[in-house]
Every structure is written in structure tokens, then in C-alpha cells.
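Quick check, what structure comes out for this input:
(chains A, B, C and D)
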Protein chains: 4
Amino acid sequence: MIIVTKPEATEDQIQHIIERIEEWGFKTDVSRGEQRTVIGVIGDEGSIREKPIAAIAGVESVTPVLKPYKLVAREFRGGTNSVVKIGDVKIGGPEIVLMSGPCSVESKEQITSIAQEIKKAGARVLRGGAFKPRTSPYAFQGLGVEGLKLLAEAREATGLPVITEIMDTKHLEVIEQYADCLQVGARNMQNFSLLKEVGRSKLPVMLKRGMSATIKDLLMSAEYILSEGNFNVLLCERGIRTFETYTRNTLDLNAVPVLKAETHLPVVVDPTHGIGLREHVASMALAAVAAGADAIMTEVHNSPELAKSDGEQALLPHEYMDLVARVRKVAAAVNRAL
Amino acid sequence: MIIVTKPEATEDQIQHIIERIEEWGFKTDVSRGEQRTVIGVIGDEGSIREKPIAAIAGVESVTPVLKPYKLVAREFRGGTNSVVKIGDVKIGGPEIVLMSGPCSVESKEQITSIAQEIKKAGARVLRGGAFKPRTSPYAFQGLGVEGLKLLAEAREATGLPVITEIMDTKHLEVIEQYADCLQVGARNMQNFSLLKEVGRSKLPVMLKRGMSATIKDLLMSAEYILSEGNFNVLLCERGIRTFETYTRNTLDLNAVPVLKAETHLPVVVDPTHGIGLREHVASMALAAVAAGADAIMTEVHNSPELAKSDGEQALLPHEYMDLVARVRKVAAAVNRAL
Amino acid sequence: MIIVTKPEATEDQIQHIIERIEEWGFKTDVSRGEQRTVIGVIGDEGSIREKPIAAIAGVESVTPVLKPYKLVAREFRGGTNSVVKIGDVKIGGPEIVLMSGPCSVESKEQITSIAQEIKKAGARVLRGGAFKPRTSPYAFQGLGVEGLKLLAEAREATGLPVITEIMDTKHLEVIEQYADCLQVGARNMQNFSLLKEVGRSKLPVMLKRGMSATIKDLLMSAEYILSEGNFNVLLCERGIRTFETYTRNTLDLNAVPVLKAETHLPVVVDPTHGIGLREHVASMALAAVAAGADAIMTEVHNSPELAKSDGEQALLPHEYMDLVARVRKVAAAVNRAL
Amino acid sequence: MIIVTKPEATEDQIQHIIERIEEWGFKTDVSRGEQRTVIGVIGDEGSIREKPIAAIAGVESVTPVLKPYKLVAREFRGGTNSVVKIGDVKIGGPEIVLMSGPCSVESKEQITSIAQEIKKAGARVLRGGAFKPRTSPYAFQGLGVEGLKLLAEAREATGLPVITEIMDTKHLEVIEQYADCLQVGARNMQNFSLLKEVGRSKLPVMLKRGMSATIKDLLMSAEYILSEGNFNVLLCERGIRTFETYTRNTLDLNAVPVLKAETHLPVVVDPTHGIGLREHVASMALAAVAAGADAIMTEVHNSPELAKSDGEQALLPHEYMDLVARVRKVAAAVNRAL
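Numbers count the residues shown, from 1 in each chain, chains lettered A, B, ... in the order given. Next up, the predicted model:
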């Protein structure tokens, strides 16, 4: 940790800063410049970080030297990639995995037929919402446990493992009965109670980046899950909120190479929410693969204009089929396979 | 709801849009321009909003005519202001209410002495975190139930009612035993399970605006709480996330007059998180009062450089005393009292 | 144009709105709902847009039906793509064009040797700054006219046409003597005097998106250039400013398919500024190609640690060679060639 | 300047960093930790800043110790405030100055009558645009030199000095003939050619913050003007661009106390553009005064619904009169006068 003092900091203030730090059991390395004094704080950076150094009079800035995350850091695995399994499907290895399905589970017919369609197209994981986070209390909130059961039936019919969102710590037990992977949505990325709870689950967790979360925030939220013992975590870029209004969100593909460099965890991209416009989802799926994503999650619906949520961004099965063919070629061009 | 069709929309597509809407039981009002057709959809706008109109081929844009919120809308109360009580303290009336206290409850001595100091200065509600949302799993997570008990003791010692954060639906019962007002934090503003749960509580709720939440999002989240029957809701502007890095957040005071115009609910401003720099909290508190806030929440600590969280933004008691004196003058200038 | 009135708008106000619009020579189509009146304004939308309708008492919102741009709109060219030539190099056709070179021209040796290296690697246009927009007045401001001459010498040595930035209307004449394409930088995207001036040039113009410009803003700025008669305009996505601090900017690749759908103009992507981190430029270049970009601009320097600007994001020639090989494969996968 | 090396940096790389820095003539202070090496660079920080340290292999981060601005820094004036004069009106002293007028000069009658109205209300500087930066090339572009003449006539009629926008270096001479203060608009805040040119003018300059400019960027742009010799600079906060769409911009009042602490230059706030909604301009003007602004600029029009630009945010003269009365009271509450 490096402390820079204010230009007007008095000698007494500087002494007090040094004393306080030494009282806390850390060493200091003081370098006095003409206009500012720089104090290096030496010791366990995790413990130093916990101290309210910035609150001491005379301190202008406090800059950490080390990253705040440990378990998710690439170094933690010696530079190797983690491979996370959803059912038998491996994510983070040489193959790019396609995850797909409707925004919401609506009926047995709907979810099963979509599952069959996407399986045929090449998808390997089925998504579908049973508990739905909706901006409006008057919007369709999902079928709940009934939706979970329908997902399990669709899995039985197709063999595709199932990922579904968890919104409340109280639902963990029931979701664990039916699903193969838990999704923590963007709006709950900093719901720390939920992160701790899924950190104690045996199921893998896909953590979606919050709309205003920095890459570091995303990694810190993943750190919560790993620190509870669950290392089977996927990180999902799904678009951040910016001033741009043409698109639903701004898909931040910069995050893909950055995350691959910072962490050993696999990286998923959701171009559907990332752009929010059906006709452009395919372009962004291709871009995500080229950028280095390990998996792509897209929404598919067999009748978008009757969908109970997000119809305007769902692909039709034949559009999805076409997308997969194109993804396959780009994957090959970056030495990956589907 | 107003639909504009794409320039390339075919006559068949336009017919299909109209049929679909009429199938759903709404009426249409079609106006054909040279380049676009405009279709007005007439009927209950809440129901229309639920339909995936944007997913129908040929639709370029869908623009709602009415606001998506009802219970929180100013019209709902005939244009009058709601007054929400925390204990016996009324918020939303002619008096501006000061809410204050430390970021986290740390010890009996700490919380009680701070409570006494702020009461002397003029604060009327005591804040203090027992369950703390922290970016890092390695940071102090709050004293939990023990913290709640200490808050209750500080209330007993001072008579100040207590507001504290709820992070998990599972904690509602225990928090209700000790606190006078529930706080839903910025990171949980779209934790819809939590919103529904506090919507069934008898305690008032202060809902903080999420870091990337629009004013409309904030109102929709409040609508969740009211729609469950709890009308005692305070809205709190606490800064949004922008590209500016000098300050912790960007306090969006525009939100104050906008919220006062859009909703009957009282508006609280938290300048402490809104700027995040102790030396500038007072300026922003004054600005918030001038902008029309009904209450001001600030963090105060008797020893910020030993605080377990957010020390760098906490005011010392004597600074707070000074702030209150200045707030009093600005309040009078806008015809409010403390 | 569609006007929605306020719920509290009086009959007199509604009449006044209608009269004002008719006075201006437009027709109206009035539809009275229970809570709001909707007034369609019929006539030349360009003229309607100029009227301060939102300023009339009782108006809640004004929503345009048509796009505000004409000449840049895809419809204007009947849905075909414009091909813009820099020297003899065509951009916007089936081939993806690589543009490259150092941030700043520094010396004859530097620019000529870099030009030779990038030509060998496959680049077809040479970039280099002679007039440099720098945040600090104390930073290197470019070699000015001397830099232009060196660029022309590098062109002579390699045959690569040259693109360079124009920052001031006063420099147009001299830049036209030496360069093959004008670049308007992000910071000048809404320098309307400059846009008009380059709109009267015979050289093609590459217009970079401003850091806080929406896609619509970018198109409107391009419209300025076309409306002065210069149709040879390239649009360049180079990253927008968001809350993310890990990367220099947030490369908004969503803009690529959106621009390709909205306009006939070619789309360039600058991954160098878009991510700002040398080790990740290649990933973003690949992603840009997959998303549908027509050209890729990257910074290359033969000695980044001695560069006078932006060394940390410049690729070394051998890294660039590697990038081109990878781009070639992704281009082929999306049915484009280099 | 403080360099932190990458965890994987080799001893050779660290040696190379140190050698390079010493070659450049600076001293180093090396502190080796377990995971990172920290290298302090000692010497003239302005010169160090110019070197591409971040481009050297093995460097993870480079953190400056000193601020990048000198002349605008509060320290430069020994902590005192600069007072800038527009005509005879002093800004930055104990009195808060009101600047007002229409968005655009439209006619002699319009500008003179508005000037008379605002003077009567208490304004001391007249604003009005002659050269207008408009998003659309088809929108009213201002009366140009004719507008300047009308402004000068309005000054003659009222005695109010005049501020008007400069958009092009070529217009400096003619604007200097008619105006008392130059305005550099938000879109030109980083038009560095223009900044240098107005830096050589004898007129004071009001520099508006760009829509995506950080506070530091704004100060660096002001530094350009001062570094050319013109110290009569006012800084204007006018709203930044965020994800919020209810308001035109997000007025960042945090910037007011921060700028007052960082620089000796006076701070102006423009609530009209900052919120963009006529009915809420007054609230934000009051908030700006409470936050510590030295001057308030607002748009006033005698017939907003006939205005050629920005009618929806202009106040009517009687609304402005009311605003001034309220501002006067808040100014007094913070020990300022009008």
C-alpha cells in the first residue's frame, strides 16, 4: 500500500500517520519529496486494506500495490485455466460451449420443444427462467417451482443440463433439486448474502456482471463464492449500462481478454442481453468468440411474439441454427471447436 | 402505447401487427405516413405493456404513453405528499429530518456515544449498519444480531429511532425486533425478493437508488414494495456511478426535484456516499436541502481513523455540529425547518 | 412527430398546442385517451423537429417518428454500401482494410521504418499524427507541418496512402497538400466548424466517435460532412467512456452491426484506443472483424518505450505481424478477405 | 511517480526499467516486496510524466504523485481565489453573479427586451449565442456576426456585459470586437487549437465542462488557456452524460466543492443545461448556490414556444424573477450576496 500525503500535511500529521501504521503492526518506508511525502506500508496487504488509512488527517491518496482478490486470481491456479462442469459439459477447455433457451419457462410444450430445437442446432446447456427478476411488479414473475419441474422434464427429454436463476437464498434447496447450474443475475451480483449461500452449494454458479459493476467488482463478487468453498464459478459478461440508448446495454467485450488474463475462471458472454436487438445478436456472438469467450449464452424462442418476457431479443430456432453455423467457423479460426 | 413500423415493413406485416393487437383485446388507431405507419394501441396500458409487441416483425419502436408506475405516482395521492414515520419522526412534512450515525455499529460505547453526539447536534434518527454489504469477502461484515441489539440500546439511551440495513429475506424477522426502519441498500435495489418481503413488513422502508438505476427504475422498485401493501417508503438518492473518479459516486441532485414531481413519497439524500470525501459532505448536504430533500443522511464517527468501514467519509461530531448549523440556515432560506 | 400531453393539461392548453402546430403549417391527428391526449403532427418532419414543441405548456413528451439523419441513412443509398477510397485503397467493399502506424510521427527514420514494417505485414493505409490532441499542454504536441512532410516521404517510400488528424480549420489547406485522408478525432466529433470545413474538402474523412457520443450523435456529425457535399466518410468506433477503469475506454462493438444497419458508410474499428492495453489489442481486433468492421486501425511502434505518445498501447512490428495472421483467419471465417 | 512491477516481471526486466529511468536523468528508489517491486521515480514530475514508462516490459502500473496541472492549481495562487472580471462584473468574490439570456440571439427586439427583463430581475451578465453548436446540420445555426452586433446593442441598451460562444479559431477576431467574455462550449472543451487561441485573447474565457470530461480533464483544458497567458478563466459545470434519460444531463454538483478546493479559478454552474427541464431549473440553481458556486448561468426567453433553440428549458421572465428572489435567500444563508 502506498500513501501519498497532502502538500499541506504538517510534520506532526506525517508522524501521526507513521505511528498509526506501526501501531497496527505494519512497517513503513518513508520517502520525502519536495511537495509530497510518500509512505510505503509493508506487511500483509489484506490486513492493511482493512484499515481506514484514508481517514487519517494529511493523507491525500492510498494506492494498493496488490490485487484485492486471491482465489479467483490467475496466479492462484499457477496460470492454468479452471474447467467448470455443468452436468457433463465442460466449460473453460478447448471447446466453446453454447448455452441457450428461452428467457422464461412458460409451458411444458414450450420448454421441451425449444430444448429439442437448440440441441439439434448444437447447444449443450439449456437455460430457462423459473424465478424471474422483472423491473415491474406487474410483469410476469416466472412459474417458480413449476418452472423448475418443466426444466427437469426438458432435460430428461433432451439430455441437456439445465441452468436457471436463483434470486433468493430461500430458494436454494428447491433449485438444487432440479437444476445443474445456478445463475446469479446482474441485479444480484452484489447481493452478498446470496453469493455466500451459493458459495456453499455443490452446484456450479454462473455469476453475471452487474450493470454498473467494474471488472474488479465482478471478480470480488466471484471471490465471495470461492471463499465459501465453491470453486465452480463461471463469469458472464452481459452488457453494462452506459449513455447509449440505441442498444439495451453496451456489451463490454474488452472484459473478455481482461478476465482471461486476470482469472482462471471460464468466461461466458451473453450477446442477447448485451445488445438486446434480435437482428444483431449473431454479430455479437461471433465477436465474443473471436474475443476469446469460453461459452456463449443466447435466448431462443419458438414464438417470440407470444413470449412472456424479452421476445424482442429472442432468436427463432432457424436463426439460431444459422448463428451456430457461423459461430463454428469463427471458433475454428481462433483454434477452438464447438 | 404507440407503435412505429419500419420503413421496409410490408403491408402484410402491418396487418399482422394490427391483428395480433386486436387478438389480445386492444383497439388500434392506424395513421399511415409516407415513410412510416403509426399504430396507437388503445386499452389498459398495464396489460399492453406485458405483450412482446417489439418482437413482431416490422415493428421499429414501441413508445408507452403512460408511466409504468401507479401506486408511487404523485397522481395516486391526488398530488399531496406522503408523510412517513420512523418511530415518531415524520419525514415528508414541512420539517427536514437529519438521520445520522456511523457506517457500522462497532461496539456499545461507539454507537451510544455517537448517538448522543448526533442527538445533541440535532439529528432525529440514528443509522448504523449491523449487516454490512462489503465489496470484499475479507472486509468486516458487521456485527449482525449483536449489532442490532447495540442499536436498540443506543435508542434506549437517546430516544432516537433506528434505521438499519436488511440484506437478506431471512433476516427480516430479527431486524423487525430491533429496528424502526429498514434500509434496502443500493446493491439490493433490484433484489426483487427482498423488495417483496419488506413490502409485507410493518416497518417503513428506505430504498436507496442503485448505482446504475435510472429514476424510473428506482420508482419501479418502490412500486414493488407498495404493491405488497407497505406504503411507508422513503426514496434515497446516494450517488450514481459515472466515469468521474475524483469522487466516490456522482450525487445526482437532479433526482430530487424530479422525484418530488413524480411521486408522493419523501426523498432522502445521502451526501456521504454521494461524494465520498469527508471535507465536501457539508457542501453537498446544503445543496441537497436547497434542491428540496426531505431528509439528509450522513455518516458520523467519533474516531474515523479507527472506523471499521468508510472512515474516510465520516464526519467528526464537531464537524457534524457545524454542518447542522449551516443546514438550518439553508433550510430556513427554502422555507423549511429542522 | 407524436406529442403526449400531461395528465393535468387543460382543454385550453390542448387547444393551444393544436393551434400552434397548425399555425406552423402542419396537420394534427388528435386521439384522446382517459389520462393523456396523443397528438400526431403530420408534415415534413425535418421542419417539425425545428419547432420548440416541448416548450408549449401542457406537453409531456415529444417523440419523433423518423430518424433525424437523411444523407447518411442506409435508405439514402437504397440499401447498398458506400465504398470510400483512401488513395487507391477501397474501404467498405468485400476486403477488410488494415490501417496502421505510430500514434505520432517522430522522425523520418521512425515513420519510414514503421511504414515499411506494417506494409510487409499487410497494412494498406499508414496512420501517423502530426497535429496531436493531448490532454496536457505540456505533452508533446506533434511535429506539425514537418510531420506531414515526413508522412508524405513515408508514402513515397512504401506506396501506402496516408491518414492524419486535423484539429483546426486553419490547417486544412496544408494537410490537403500532404495527406490522403483526414481524421477528425473523438474530441472534435462535435466541433461543427471543423465538420463543415472537412465537408468541403476533396479528401475522404474518417470521423471518430466521441467519448460520450451516442451512435445517433455520430451519425448526425457525419451528416454535417455529407451535407456540405463530401460523401467520402468513414465512421470509426474507438471506445466510449464508461465507469470501467481497468481499460482506457470501453470498445462498443455493438456499434458495428448497428451502424452497418443504419448507414451506408463504412465502419472502422480502432481497438488500440478501444482497450488501451497492448496485450489485448489483438483480441479486440479479431472481435471487431467478427462483428462486421470494414477496416481496423491499430497503433504500431518500433520502440514503444521511447515513443513520444501512447507507447503503452502500441504493438511491436512482430506482434502486429502475428495479429494480421490471426485477423486473416477470422476475416475468412466471416467471408471477408484482407 | 510510482511504478509497480508485474508479479511475473523478471530481474532483467526490473533492471531494464531502472536503467531506462536513470538514462532519462531521474533517480529511483526501489523497494522489493514479496510479490511486487515498487520503484519510486524521483525528479521533475512534469518531465517524468512525458516518458512512456507504462510501455516498458514488466511494468504493471504507473501512479503519479503530483497533480498534472500547475497554473490552475489552488496552490499556485497560495490558496487565494482568483477574481475574474467580465466588463466590470467581478466573479469569484463574495458576490454571486447571475448570468442570463436566451439560448440564441434571434432578433434585435428579442435580445434587447430579454436583456432588459433579466437586468431588472438582477442578472449582471447577458448571455446569447450567435454561433450555435447544433447536433443537426439542419437546425438553426445562429445569426453569426449579425447576432454579435445585436448583443452589443443589447449591452448598450442595458449596460450588461456580454458573453457568447466561440466555435472556431477563425472567429476570434470578430467576437473580440463585440463581446466581453468568450464561452468555450462543452463540445469544444478538448478542442485544443481553440483553447490555445483563446489563451492568447485579452478577453476572459468561460470554459464549459465536456459531457464526458472528468474534473481533472476540465482542469487540464483550463491549464491550456492559462499556459498561453490568459489567467481570466471561469470553469462551468453544466451537466455530464450518464445513463439517466429523464433529465437532459446529470448536473454534477459534486464538482463545485471539488473545483473550489483544487483550483483558484471561479466556478459557474449552468442548471439550465444541467437538468434541461424548465420546471426544475430553479431547484438546481438553488442547489448550486448552496454547493458554493460563484455564478449561475440560466437561459431565459420571453416566448419559449417560439424560440429557435432550447425553448423547453428556458425560463419565462417572471419565472426568472421568482428564481432570483429565491437564490438571494439561499445566497444569504451561505453568507454570500447577489
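
and the stretch 101-250 of chain A, which of its residues are near chain B?
The stretch 101-250 of chain A comes close to chain B at residues A:133-140, A:167-170, A:187-188, A:190-194, A:196, A:210-212, A:217, A:220, A:223-224, A:227-228, A:240-241, as judged by C-beta under 8 Å from any C-beta of the partner chain. The way it works is simple: take the backbone N, C-alpha and C, and place the C-beta from them, glycine included.

Which among these count as buried?
The neighbour count (16 or more other C-beta atoms under 10 Å in any protein chain shown) marks A:133-140, A:167-169, A:187-188, A:190-194, A:196, A:210-212, A:217, A:220, A:223-224, A:227-228, A:240-241 as buried among these.

In helices only, show me these.
A:192-194, A:196, A:217, A:220, A:223-224, A:227 (DSSP state H).

just curious, which of those residues is nearest to chain C?
A:Asp217 (9.7 Å; C-beta to the nearest C-beta).

thinking that closest one is in contact with A:Leu207, fair?
No. A:Asp217 lies out of contact with A:Leu207 (C-beta atoms under 8 Å); the separation is 10.9 Å.

who touches both of these two?
A:Met189 (C-beta atoms under 8 Å, 6 or more residues apart in numbering or on different chains).

can you give me the strands in the stretch 151-300 of chain A?
For the stretch 151-300 of chain A, the strands defined by DSSP state E, counting those that start in this stretch cover A:162-165, A:181-184, A:205-208, A:233-237, A:267-269, A:295-299.

Switch those strands over to CSV; also include mean neighbour count, distance to A:Gly25 and mean pLDDT.
Below are those laid out as CSV (neighbours: other C-beta atoms under 10 Å in any protein chain shown; distance: least, C-beta to C-beta, whole Å; pLDDT from 0 to 100):
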stretch, mean neighbour count, distance to A:Gly25, mean pLDDT
strand A:162-165, 26, 44, 98
strand A:181-184, 25, 36, 98
strand A:205-208, 26, 34, 98
strand A:233-237, 27, 33, 98
strand A:267-269, 27, 38, 98
strand A:295-299, 28, 44, 98
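
Find the closest residue to chain C in the stretch 1-150 of chain A.
A:Lys67 (11.1 Å).

And for that residue, nearest residue in space, chain neighbours not counted?
Take A:Lys67 and drop its neighbours on the chain: the residue closest to it by C-beta to C-beta, 6 or more residues apart in numbering or on different chains is A:Ala73, 6.0 Å away.

who's that neighbour bridged to?
Note on A:Ala73: beta-bridge partners by DSSP bridges are A:Thr263.

Next up, the contacts around it.
A:Ala73 neighbours (C-beta under 8 Å, 6+ apart): A:67, A:262-264.

Kindly indicate the member of those with the most neighbours.
A:Thr263 (26 neighbours; other C-beta atoms under 10 Å in any protein chain shown).

Model confidence for that residue, exactly?
For A:Thr263, the pLDDT comes out at 98.

looking at it, it is touching A:Val72, isn't it?
Yes. Contact criterion C-beta under 8 Å: A:Thr263 and A:Val72 qualify, at 4.8 Å.

between those two, what contacts are shared?
By C-beta under 8 Å, 6+ apart, the residues touching both A:Thr263 and A:Val72 are A:219, A:222.

Spell out which residues make up each domain of chain A.
Domains of chain A are assigned by automatic domain parsing as A:2-63, A:74-333.

could I get those domains as TSV with distance to B:Arg124?
Listed next are those as TSV, based on distance: least, C-beta to C-beta, whole Å:
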stretch	distance to B:Arg124
domain A:2-63	26
domain A:74-333	30
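
and those domains, which one's lowest on average pLDDT?
Mean pLDDT values for the domains of chain A show the minimum at domain A:2-63, a mean of 89.

and that one with chain C, contact?
No. Domain A:2-63 lies apart from chain C when judged by C-beta under 8 Å from any C-beta; the minimum separation is 12.8 Å.

Kindly identify which of the residues of the stretch 101-250 of chain A next to chain B also come near chain D.
A:Arg241.

Run through the helices of chain A in chain order.
According to DSSP H, the helices that chain A contains are A:11-23, A:45-49, A:108-121, A:145-158, A:172-178, A:192-199, A:215-227, A:255-262, A:271-275, A:281-291, A:317-333.

which of the residues in the last one are buried?
Across helix A:317-333, burial judged by 16+ other C-beta under 10 Å covers A:317, A:319-321, A:323-324, A:326-333.

How many neighbouring residues does the residue nearest to A:Ile118 when sequence neighbours are not counted have?
Counting by C-beta to C-beta, 6+ apart, A:Ile118 lies nearest to A:Ser100, which is 4.3 Å off, once chain neighbours are set aside. Here the number of neighbours of A:Ser100 (other C-beta under 10 Å) works out to 30.

quick one: A:Ser100 and A:Met297 touch, right?
Yes. Using C-beta under 8 Å, A:Ser100 makes contact with A:Met297 at a distance of 6.9 Å.

shared neighbours, the two?
Counting by C-beta under 8 Å, 6+ apart, the common neighbours of A:Ser100 and A:Met297 are A:Arg127.

what's the burial count for A:Glu19?
A count of nearby residues for A:Glu19, using other C-beta under 10 Å, gives 11.

same check, this time on A:Glu117
Residues near A:Glu117, counting by other C-beta under 10 Å: 21.

correct me, but it touches A:Leu315?
No. Shown here, A:Glu117 and A:Leu315 do not form a contact pair, counting by C-beta under 8 Å, at 10.4 Å.

Spell out which residues are contacts of both of those two.
Joint contacts of A:Glu117 and A:Leu315 (C-beta under 8 Å, 6+ apart) are A:Val300.

Next, format the buried residues of helix A:317-333 as a markdown table and append distance to chain B.
Shown next, in a markdown table, are the buried residues of helix A:317-333 (distance: C-beta to the nearest C-beta, whole Å):
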| residue | distance to chain B |
| --- | --- |
| A:Pro317 | 14 |
| A:Glu319 | 12 |
| A:Tyr320 | 15 |
| A:Met321 | 18 |
| A:Leu323 | 17 |
| A:Val324 | 21 |
| A:Arg326 | 21 |
| A:Val327 | 23 |
| A:Arg328 | 27 |
| A:Lys329 | 27 |
| A:Val330 | 27 |
| A:Ala331 | 28 |
| A:Ala332 | 32 |
| A:Ala333 | 32 |
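
one step back: okay, the domains of chain A, which one's buried deepest?
Most buried of the domains of chain A, by mean neighbour count (mean count of other C-beta atoms under 10 Å in any protein chain shown): domain A:74-333, with a mean of 22.

Quick one: end-to-end distance for that one.
One end of domain A:74-333 to the other measures 25 Å (C-alpha to C-alpha, to the nearest Å).

how much space between the residue nearest to A:Ala186 when sequence neighbours are not counted and chain B?
In space, not counting the residues next to it along the chain, A:Ala186 is nearest to A:Lys208; the distance is 4.5 Å by C-beta to C-beta, 6+ apart. Distance of A:Lys208 to chain B, computed by C-beta to the nearest C-beta, to the nearest Å: 12 Å.
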